[in-house]
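# Give me a 3D structure for the following:
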Amino acid sequence: MRSTGPHDSGSRRRSTRPGERAQAGELRLDIQPADSIVELDGRTLGMVDLLRGSPALRRIPAGHHTLRFTRPGYKTTEREIDLAPGRRTAANLELERE
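Residues are numbered from 1 along each chain as shown. As a prediction, the model looks like this:
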């Protein structure tokens, strides 16, 4: 039998701390064009179309955030959002051509 200490979880599976999910919100993106790049609070998340169903959009800390959408040939657009714990928030936007 293998003994596990305080620094050895005995498993590679990430555990969820109590209340961790309750402190996170979920973001649903409906952005056109779908190949736009999205940033959250200055951190690039990736191409909107490739983020559908991504865990990165399901565990965003609750609170106020800034989304930024870019794509060549279109005006860069920012949106402010407030994510509530345990709730899904939708961001719907069609970028304007330059």
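
# you'd agree residue 58 is up against residue 29?
No: using CB atoms under 8 Å, residue 58 is not in contact with residue 29; the gap is 11.9 Å. Where C-beta positions appear, they are placed from N, C-alpha and C, glycine not excepted.

# And residue 16, what's its pLDDT?
In the prediction, the pLDDT value recorded for residue 16 is 40.

# sorry, that was for residue 32
Residue 32 is assigned a pLDDT of 98 by the prediction.

# Make residue 1 into 14 and carry on from there
Yes, from this point I'll number from 14; that puts the last item at residue 45.

# Looking at residue 71 and residue 42, which has the bigger crowd around it?
The neighbour comparison of residue 71 against residue 42 (other CB atoms under 10 Å) goes to residue 42, with 20 against 14.

# Next up, the contacts around the closest residue to residue 110 other than its chain neighbours.
Spatial nearest neighbour of residue 110, chain neighbours left out: residue 87 (5.8 Å); criterion: CB to CB, 6 or more residues apart in numbering. Residue 87 makes contact with 46, 49, 108, 109, 110, 111 under the criterion CB atoms under 8 Å, 6 or more residues apart in numbering.

# pretty sure the fifth one contacts residue 86?
Yes: counting by CB under 8 Å, residue 110 touches residue 86, with 6.3 Å between them.

# Flag every buried residue along stretch 65-76.
When neighbours are counted by 16 or more other CB atoms under 10 Å, the buried residues of stretch 65-76 are found to be 70, 73, 75.

# average model confidence for that stretch?
Rounded to a whole number, the mean pLDDT of stretch 65-76 is 92.

# gap between the two ends of it?
Across stretch 65-76, the terminal residues are separated by 21 Å (CA to CA, to the nearest Å).

# Any idea how far it is from the middle of the chain?
Using CA atoms, centre = their mean, to the nearest Å, the distance from the centre of stretch 65-76 to the centre of the chain it belongs to is 4 Å.

# Residues contacting it, please?
Around stretch 65-76, the neighbours that count as contacts under CB under 8 Å, 6+ apart are 34, 36-42, 53, 58-59, 64, 95-98.
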